[in-house]
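**Student:** kindly return the folded structure for what I paste below:
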Amino acid sequence: MRYSISTCSFYKFRLRRLLEIGEPFGVEIFYEFGSEDQWRSLMTQVGERTHGPFSIHAPFAFADVADPEEGRLFEIMKRPFDLYHAFGGEFYVVHSYGESVRDGDETYRRDCRARAAERLARLQDICAAEGVTMAVENLCSGARPLFDEEQFLALFRELPDVKCVVDVGHALAGKMDISRLQQALGGRICAYHLHDNDGRHDSHRRLGEGIMDWQSFARGCAAYTPEAVGVFEYLDCTDMAAYRADMDYLDRCLGRK
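**Tutor:** Next comes the predicted model:
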């Protein structure tokens with residue numbers, strides 16, 4: 001497993017802390033949380049310090065693949081492509097739905113799943129034509145994620161060319177069996193979002209600060225997804241020593257140390 005650090009914790013002046021990054025870490029940026037100039041400046045400087053994996057988290061605050069109104073969805077989702085290519089992006093993380101499904105009965109939610117699948121298929125075609133590797137992420141929305149485990153796996157049967165990012169914390173809070181996802185999707189899992197929680201709240205804590213069995217997770221990685229990237233996606237951690245300690249811990253779980 002190779003590792004990168006999400007910009008989740010690095011906002012405003014905190015972003016400068018990422019300039020302390022070094023080998024072997026790469027970066028995953030939340031594109032809409034900064035300007036194109038800001039990300040280009042950051043990645044130009046980070047590139048002088050590390051050659052780790054680079055990925056982009058697609059816009060999601062105003063881009064919802066399940067929304068009844070399509071609006072400018074595809075225009076918004078294509079904006080990061082130039083940056084992706086400029087710095088050798090490996091995958092482009094796309095949410096499987098958005099805020100439009102917070103409310104609604106089961107009929108509405110079924111329609112949302114159908115819209116999400118249709119638009120993700122169209123976005124996959126756009127990404128493929130543009131040389132971008134799209135990867136769909138599992139989410140958790142309290143007790144009612146739009147896609148439960150069975151529905152999420154069915155989505156990938158419906159979209160056979162789409163890659164997956166398994167968000168470990170979302171899987172915990174959404175009551176998904178991570179081992180089953182690993183076995184079912186195998187090499188289609190190109191990355192993991194790595195964080196921990198109490199099994200109920202999507203708190204994005206450090207490894208070991210929740211209920212996740214990282215030993216079991218590592219066994220699944222070794223068996224089914226040895227090439228996947230591990231993206232540390234914490235909400236309130238800018239200490240590079242902490243990221244290195246958690247990387248070392250996971251490497252020990254993987255039997256690499």
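**Student:** can you pull the buried residues of the helix or strand harbouring Asp125?
**Tutor:** Counting by DSSP states H and E, the secondary-structure element that holds Asp125 is helix 106-129. Residues 109, 112-113, 115-117, 119-120, 123-124, 127 are the ones in helix 106-129 that count as buried (16 or more other Cβ atoms under 10 Å). Where C-beta positions appear, they are placed from N, C-alpha and C, glycine not excepted.
**Student:** go through those residues and say which is closest to Ala173.
**Tutor:** Distance to Ala173 across the buried residues of helix 106-129 (Cβ to Cβ) is lowest for Arg109, with 18.1 Å.
**Student:** next structured bit after the helix holding Asp125?
**Tutor:** Per DSSP H and E, the helix or strand that comes after helix 106-129 is strand 134-137.
**Student:** following that next one, which helix or strand shows up next?
**Tutor:** With elements assigned by DSSP H and E, the helix or strand that comes after strand 134-137 is helix 149-158.
**Student:** residues in contact with that next one: which ones?
**Tutor:** Applying Cβ atoms under 8 Å, 6 or more residues apart in numbering, the external contacts of helix 149-158 come out as 96, 113, 116-117, 120-121, 136, 138, 147, 162, 164, 174-177, 180-181, 184-185, 188.
**Student:** put the buried members of those into a PyMOL selection.
**Tutor:** In PyMOL, this line selects whichever of these come out buried by 16+ other Cβ under 10 Å:
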select buried, resi 96+113+116+117+120+136+138+147+162+164+174+176+181+184+185+188
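**Student:** what about the stretch 51-200 of the chain, any weak spots by pLDDT?
**Tutor:** The model of the stretch 51-200 of the chain has pLDDT under 70 over residues 142-143.
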